[in-house]
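Enquirer: below: sequence and its predicted model.
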Amino acid sequence: MADNYQATSEIKRLLPEIEETKVQIKTLRDQLRDAIDQNDEYKKLASEIEELAAKRSEARKLLLSDRDYQKLNEELEEYRFKLRDLEEILSSYLLEYYNSTQKYEITDGRGDTRPLIITAKVGKSQ
C-alpha cells in the first residue's frame, strides 16, 4: 500500500510540473514565431514556399483524378487500417502476457528476444 501512496503522491507532484512545462514551451514557441516573423529573408522564402505549395496542390488534384493513383491510394489506406488493427490486437495480447508473467521481454517467432514497452498516459481533465 505504501508503493501506491508514493506513486499517487509522485503523480500529483508531476502533473503541475508537466502543465508548467507545457506553458513554458508555448511561450518559447510564440517567441520563436515572433522572431521568425521579423526576419525579412525568411518572409521572402516563406512566400516562395507558399507559391510552390499552391503549384503542388494543383498537381495533387491532377493525381487524385487519376484512376491508377486512386486505386493505389485506396489499397494503401486499407493496409494502414489493417496495420493499426493488428497493432492494437498485438498490444492487447502483450499487455495480457505482461500481466500474467510480469516479464518485460518476449521471444518472437524467429527466436529473437524483444523488449516490451509498457506505456500509460493521463487523459485530459473534464
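Expert: Looks like it came in fine.
Enquirer: low-confidence ranges, this structure, go.
Expert: 1-3 (pLDDT under 70).
Enquirer: just the helices from it, written as ranges.
Expert: Assigned by DSSP state H, the helices in the chain fall at 2-37, 40-64, 67-101.
Enquirer: want to try TSV for those helices, with distance to residue 120 and mean neighbour count as columns?
Expert: (Each C-beta comes from the backbone N, C-alpha and C, glycine too.) TSV is the format used below for the helices of the chain (distance: least, C-beta to C-beta, whole Å; neighbours: other C-beta atoms under 10 Å):
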stretch	distance to residue 120	mean neighbour count
helix 2-37	11	10
helix 40-64	39	10
helix 67-101	10	11
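Enquirer: nearest to residue 113 among the ones you listed would be which one?
Expert: Closest approach to residue 113 among those is made by helix 67-101 (13.5 Å; C-beta to C-beta).
Enquirer: for residue 123, find the nearest of the helices of the chain.
Expert: Using C-beta to C-beta, the nearest of the helices of the chain to residue 123 is helix 2-37, at 11.8 Å.
Enquirer: please name the residues that touch the nearest residue to residue 115 once chain neighbours are set aside.
Expert: Closest residue in space to residue 115, ignoring its immediate chain neighbours: residue 105 at 5.2 Å, by C-beta to C-beta, 6 or more residues apart in numbering. Applying C-beta atoms under 8 Å, 6 or more residues apart in numbering, we find residue 105 in contact with 113, 114, 115, 116.
Enquirer: who wins on neighbours among these?
Expert: residue 116 (13 neighbours; other C-beta atoms under 10 Å).
Enquirer: for the closest residue to it other than its chain neighbours, give its distance to residue 96.
Expert: Distances taken as C-beta to C-beta, 6+ apart put residue 104 closest to residue 116, at 5.0 Å, once the chain neighbours are dropped. The gap separating residue 104 from residue 96 is 14 Å, by C-beta to C-beta, to the nearest Å.
Enquirer: I'd say the residue nearest to residue 116 and residue 98 touch.
Expert: Yes. Using C-beta atoms under 8 Å as the test, residue 104 is close enough to residue 98 to be in contact (7.4 Å).
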